[in-house]
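J.: No sequence on hand, only this structure:
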Ligand code: RM4
Ligand code: MN
Ligand code: MN
């Protein structure tokens, strides 16, 4: 290839990279900035966010550095302890101040004592009603904040065989989801998240994508499935689940994180970046095939040991890089090879994109958009982490979140 051809080739690739990144937004979670821990304890960080304002401030930093995170997911009781209503004006002001909008609203159906035996699946009708009421309030909060997705994760389940009627609980859950769905505004969506185990260790009421799909269908036309990448048994083929949910039009969004053993909430791509690539490829391929899709990308990570803002920046950068790698698969060529069953050629075309080093181009895109070429370095140089550690000074130890 001559020099000119190479340049042309490179700029064509850069155009594809830019188109892919222009379309890529990923939501970050407020709980990723607060102190968290394991069930054995919490290690408090001086710079951890203790108020909703501090969470918006941190989210604003991540967005400024990466150019990809314009929304912040809120967890109702952790961020809006009063349950919402009176906090709307404050949240709106924070959105303006930090240049980040409210993203998905996450009801909290697991931390109150009443939920010991479940929330929407509790055998006690009064508890179910209370839980439903909280979901409805979260839906209304979403309306007031102009946020589209209400993202539902239940800790419901049981720990010992024979102690609960799994079937009765399905019925109660369907009923509640239908009632909640009835309260959605036309533009809102209800996302149903699944998880195989934890905190329940015998049965979980929404344990996998099949159950989540059935429940979302029963709820109504604005309900979809949310795939949290950490919520699968080891070895499960997540991209195949994604392919099914795309095929059936039931994919609503993702909670991204990585895992080695269970729901570890590790940094995206830190254990298995190829899996993230395979998942992203399904999305790109679906788009290439003209599938109608509306998929919310969200991060669900809460770091116990890493610095929170650094970890979030690192995650978003990783997401941008792997998203771009997957965008570089030549879809037309790949389908030709697939149809010919040219296995080695197809696999090479696929994994060739995975192995290409896109980092300089992703950095160039960020620079072009007023973000940082090297966001981690820029974060370090900004002194932001030291500043919040000084200002917040470890107040976060007592704040509600995991553990
Ligand atoms: C769960 C699940 C939910 C998250 C809670 C805090 O494992 O991933 O999405 O909101 O944790
Ligand atoms: Mn999740
Ligand atoms: Mn989880």
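T.: Cool, got the structure. Note that this is a predicted model, so its numbers are computed, not measured. Ligands and ions are numbered 1, 2, ... in the order given.
J.: Check whether the helix or strand hosting residue 191 comes into contact with ligand 2.
T.: Assigned by DSSP states H and E, residue 191 belongs to strand 189-193. No. Strand 189-193 stays out of contact with ligand 2 when judged by Cβ under 5 Å from the ion, the minimum separation being 5.6 Å. C-beta: built from backbone N, CA, C; applies to glycine.
J.: Which SSE is immediately downstream of that strand?
T.: Next along the chain from strand 189-193, counting by DSSP H and E, comes strand 203-204.
J.: which residues touch that following strand?
T.: Applying Cβ atoms under 8 Å, 6 or more residues apart in numbering, the external contacts of strand 203-204 come out as 156, 157, 158, 164, 166, 194, 195, 196, 197, 198.
J.: How far off centre is that strand?
T.: Per Cα atoms, centre = their mean, to the nearest Å, the displacement of strand 203-204 from the mean C-alpha position of its chain is 22 Å.
J.: any residue of the next helix or strand after that strand up close to ligand 1?
T.: Going down the chain from strand 203-204, the next helix or strand is helix 209-219, by DSSP H and E. No. Against ligand 1, helix 209-219 shows no contacts by Cβ under 6 Å from any ligand atom, the least distance being 12.2 Å.
J.: Any chance of a PyMOL selection covering the buried ones in the contacts of strand 203-204?
T.: Remark: buried members of the contacts of strand 203-204, expressed as a PyMOL selection using 16 or more other Cβ atoms under 10 Å:
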select buried, resi 156+157+158+164+194+195+196
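J.: filter the contacts of strand 203-204 by proximity to ligand 1?
T.: residue 195.
J.: Adding pLDDT, write the contacts of strand 203-204 out as TSV.
T.: TSV is the format used below for the contacts of strand 203-204 (pLDDT from 0 to 100):
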residue	pLDDT
156	98
157	98
158	98
164	98
166	98
194	98
195	98
196	98
197	97
198	96
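J.: With respect to ligand 1, which of the contacts of strand 203-204 is nearest?
T.: The shortest gap between ligand 1 and any of those belongs to residue 195, at 5.9 Å (Cβ to the nearest ligand atom).
J.: quick one: contacts for the residue in the stretch 301-403 of the chain that ligand 2 sits nearest to?
T.: Per Cβ to the ion, residue 301 is where the stretch 301-403 of the chain lies closest to ligand 2, at 9.2 Å. Contacts for residue 301 (Cβ under 8 Å, 6+ apart) come out as 29, 32, 256, 257, 265, 266, 267, 268, 311, 312, 315.
J.: What strands line up against the strand holding residue 191, and which way round?
T.: Sheet pairing of strand 189-193 (DSSP bridges) gives strand 149-152 (parallel), strand 223-228 (parallel).
J.: of all the ones you listed, which gets the most neighbours per residue?
T.: Most buried of the strands paired with strand 189-193, by mean neighbour count (mean count of other Cβ atoms under 10 Å): strand 149-152, with a mean of 27.
J.: That one close to ligand 2?
T.: No. Contact of strand 149-152 with ligand 2 (Cβ under 5 Å from the ion) is absent, the minimum separation being 7.8 Å.
J.: who touches that strand?
T.: So strand 149-152 is contacted by 73, 103-107, 109, 135, 138-139, 142, 177, 180, 184, 188-193, 226, 252-253, 296, 298 (Cβ under 8 Å, 6+ apart).
J.: In strands, which of those fall?
T.: Using DSSP state E, 73, 103-106, 189-193, 226, 252-253, 296, 298 are the members of the contacts of strand 149-152 that sit in strands.
J.: Where does pLDDT dip in the stretch 1-150 of the chain?
T.: Residues of the stretch 1-150 of the chain meeting the criterion pLDDT under 70: 1-8, 83-85.
J.: Report the closest residue of it relative to ligand 1.
T.: For the stretch 1-150 of the chain, Cβ to the nearest ligand atom, closest residue to ligand 1: residue 106, 5.1 Å.
J.: List the contacts of the residue in the chain positioned nearest to ligand 1.
T.: As assessed by Cβ to the nearest ligand atom, ligand 1 sits closest to residue 153 within the chain, at 3.8 Å. If you count contacts by Cβ under 8 Å, 6+ apart, residue 153 has them with 106, 109, 193, 195, 226, 228.
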